[in-house]
Each structure stands twice: as structure tokens, then as C-alpha cells.
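*Asks:* After the sequence you'll find the predicted model.
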Amino acid sequence: MITIDQIIAEKIGELYINEWPIGNLILCISALILSLILCGAIGFERERKGSNAGLRTHLLVGVGSCLIMIISVYGFPDSFKEADGYKRDVARLAAAVVTGVGFLGAGSIIHRNAGVTGLTTAAAIWISMAIGLACGSMNFILATGCTILILVVLVLLVGVEGKYGIKKGPLVTVRAKKEVPVISNILEVSQSFECQTFNLQIELVENNEVEISFVIRPQNKDFNEAIFVSKIENIEGIHSVFIKKR
């Protein structure tokens with residue numbers, strides 16, 4: 001099956017100036033620029049959400065994947081095949097990229113007291129790689145359409161999650177004295193703010209302190225995060241409170 005992208009790429013690739021194949025150069029530069037724009041859009045969304053892997057990471061993954069795909073397609077001329085007698089497989093480098101970026105995405109997944117975080121960012125890194133490969137193989141329309149769909153998932157579906165009550169609540173991390181029982185007070189404050197509390201875990205840390213982490217899911221639309229944190233901070237024995245949206 002021949003796609004529109006392949007037809008466009010073939011027409012542009014036929015451009016020559018004084019026997020120089022300028023068309024291929026235009027295609028390669030266009031692919032790199034498009035991967036920069038598309039993966040940058042996904043990276044910007046992750047950066048705005050405060051993810052560990054943000055704009056620069058997604059740009060590097062996307063453009064790097066695009067470059068490797070270009071090398072896989074154009075970096076081994078037919079003259080090499082005729083001289084060495086080997087069969088060229090343009091998908092080999094792409095397969096290696098998929099494996100390598102999988103390890104990179106795994107590095108962005110963090111397992112902490114209240115569960116696993118970073119799964120969405122890891123998936124965004126992985127899809128940035130796929131978009132880069134699509135650009136490098138000159139499937140520009142496919143890459144653009146995929147980026148639009150991913151941005152719809154990352155941006156618009158957040159509102160759907162909130163509407164149907166499936167939005168993930170913020171992660172609250174509290175540091176307190178080990179000898180002071182604060183769990184019951186924390187639960188009382190959460191209950192007074194009409195918040196569901198789950199994934200509550202405790203870890204012993206330095207300076208004879210404990211780190212308590214839990215996830216809250218506010219049931220009241222008028223929930224005030226600043227007042228909630230202030231109430232937790234006022235509990236006797238608590239030294240610090242940190243809240244992170246997920």
C-alpha cells in the first residue's frame with residue numbers, strides 16, 4: 001500500500017540542482033524540524049504538568065529517533081550493498097531505538113511510598129520516539145495525526161476524568177516526629193475536608209522522623225488545597241507538608 005506521505009516524499013526526492021539530489025536534503029531537514037515541533041508539543045505539555053521528563057527530554061528523544069531513522073533509510077547507499085553483498089534492513093535501527101527508549105522510559109517511573117508515578121511520562125517518551133521514527137521515515141501526515149491524538153489524550157481527557165470522578169488526587173507527603181501519633185489527626189482533617197484518603201504508607205527516615213505519604217481525592221468541588229495543607233501543618237508533631245499533583 002502506498003500512502004500519500006510516500007508519494008509526496010518521492011516527488012520531493014526527485015528534485016535535483018546541477019545533478020545534486022537536493023530533494024533528499026529537503027526531506028531530511030523537514031523531518032527533523034517536524035519531529036522537533038511535534039515532540040516539543042508533547043514535551044511542553046509534560047513540562048507544564050511538572051513531570052520529571054519535560055520539554056528537552058521529549059525533544060531529544062523525538063529528534064534523535066528521527067535522525068536514526070533517516071540514517072537507517074539513507075545512510076547506507078546501494079553502492080555498499082553491491083560491494084559487500086549484504087541485504088539492507090531499514091527496520092533494524094528502528095527496532096534498536098524502540099528497545100533503547102524503553103529503558104529510558106523505565107527510568108522515569110518512580111516507585112515511592114504511595115505507589116508508582118511517572119507512567120504517563122514514560123508513555124509520552126515512548127510515543128515521542130514513535131513520532132520521531134515516523135518523521136524519519138517521511139510519514140509526516142501520520143506523525144502529525146498521532147501527535148494531535150496524543151495531545152487530546154493528555155489535555156482534554158483530564159477534564160473527562162474529573163467529570164466522572166476518576167481523576168487521580170494529589171500525593172501528600174508529611175514528615176513528623178516518630179514518637180508522636182499523627183495518623184489519626186491526619187485522617188480527621190481529611191474527613192473534615194470531605195477527602196477520601198488511600199494508599200497511606202509510613203517510612204522511617206533520618207533524624208528520628210517518619211515520612212507519611214498518602215493520596216487524597218476531594219469530594220467537595222470547593223476544596224481549598226492551601227487551607228488543607230495549613231490544617232495538616234498545624235497538627236502537633238508535624239514538621240513539613242508537601243503536596244504534589246499527579
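*Replies:* Ah, there it is. Given the structure is predicted, the values throughout are model-derived calculations rather than measurements.
*Asks:* in the protein, which spans are helices?
*Replies:* With DSSP state H as the definition, the chain shows helices at residue ranges 4-13, 22-48, 55-74, 78-84, 91-107, 119-136, 140-151, 157-163, 183-192, 225-233.
*Asks:* Tell me the buried residues in the second one?
*Replies:* Looking back up the chat, that one is helix 22-48. For helix 22-48, a neighbour-count test (16 or more other Cβ atoms under 10 Å) marks 23-24, 27-28, 31-32, 34-36, 38-43, 45-47 as buried. From N, CA and C alone the C-beta is placed, and that goes for glycine too.
*Asks:* circling back to that earlier point, mean neighbour count, the helices of the chain: which tops it?
*Replies:* Using mean count of other Cβ atoms under 10 Å, the stretch among the helices of the chain with the greatest mean number of neighbours is helix 119-136 (a mean of 25).
*Asks:* Could you list the low-pLDDT ranges of this structure?
*Replies:* Across the chain, the ranges flagged by pLDDT under 70 are 1, 77-88, 108-117, 158-168, 246.
*Asks:* if you set the cut-off to 50 instead, what comes out?
*Replies:* Counting by pLDDT under 50, the chain contains low-confidence residues at 113-114.
*Asks:* Nearest the geometric middle of it, what residue?
*Replies:* For the chain, the residue whose C-alpha lies nearest the mean C-alpha position (Cα atoms, centre = their mean) is residue 121; its distance is 2.5 Å.
*Asks:* before we move on, back to that, could the helices of the chain go into JSON lines alongside distance to residue 214?
*Replies:* Converted to JSON lines, those look like this (distance: least, Cβ to Cβ, whole Å):
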{"stretch": "helix 4-13", "distance to residue 214": "49"}
{"stretch": "helix 22-48", "distance to residue 214": "25"}
{"stretch": "helix 55-74", "distance to residue 214": "29"}
{"stretch": "helix 78-84", "distance to residue 214": "60"}
{"stretch": "helix 91-107", "distance to residue 214": "26"}
{"stretch": "helix 119-136", "distance to residue 214": "19"}
{"stretch": "helix 140-151", "distance to residue 214": "31"}
{"stretch": "helix 157-163", "distance to residue 214": "20"}
{"stretch": "helix 183-192", "distance to residue 214": "7"}
{"stretch": "helix 225-233", "distance to residue 214": "10"}
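*Asks:* Show me the one of the ones you listed that comes nearest residue 216.
*Replies:* Comparison of the helices of the chain against residue 216 by Cβ to Cβ identifies helix 183-192 as nearest, at 6.0 Å.
*Asks:* Output the contacting helices and strands for that closest one.
*Replies:* strand 195-205, strand 209-218, helix 225-233 (3 or more Cβ pairs under 8 Å, 6 or more residues apart in numbering; DSSP states H and E).
*Asks:* Export the shortest one to PDB, keeping only CA atoms.
*Replies:* Meaning helix 225-233. These are the backbone C-alpha positions of helix 225-233, laid out as PDB (Å, rounded to 0.1, in the frame of the first residue of the first chain):
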ATOM      1  CA  GLU A 225      -5.700  22.900  48.800                       C
ATOM      2  CA  ALA A 226      -3.900  25.700  50.700                       C
ATOM      3  CA  ILE A 227      -6.200  25.600  53.700                       C
ATOM      4  CA  PHE A 228      -5.900  21.800  53.700                       C
ATOM      5  CA  VAL A 229      -2.100  22.000  53.800                       C
ATOM      6  CA  SER A 230      -2.300  24.600  56.500                       C
ATOM      7  CA  LYS A 231      -4.500  22.400  58.700                       C
ATOM      8  CA  ILE A 232      -2.100  19.500  58.300                       C
ATOM      9  CA  GLU A 233       0.800  21.700  59.200                       C
END
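*Asks:* Please consider this matter closed, and thank you.
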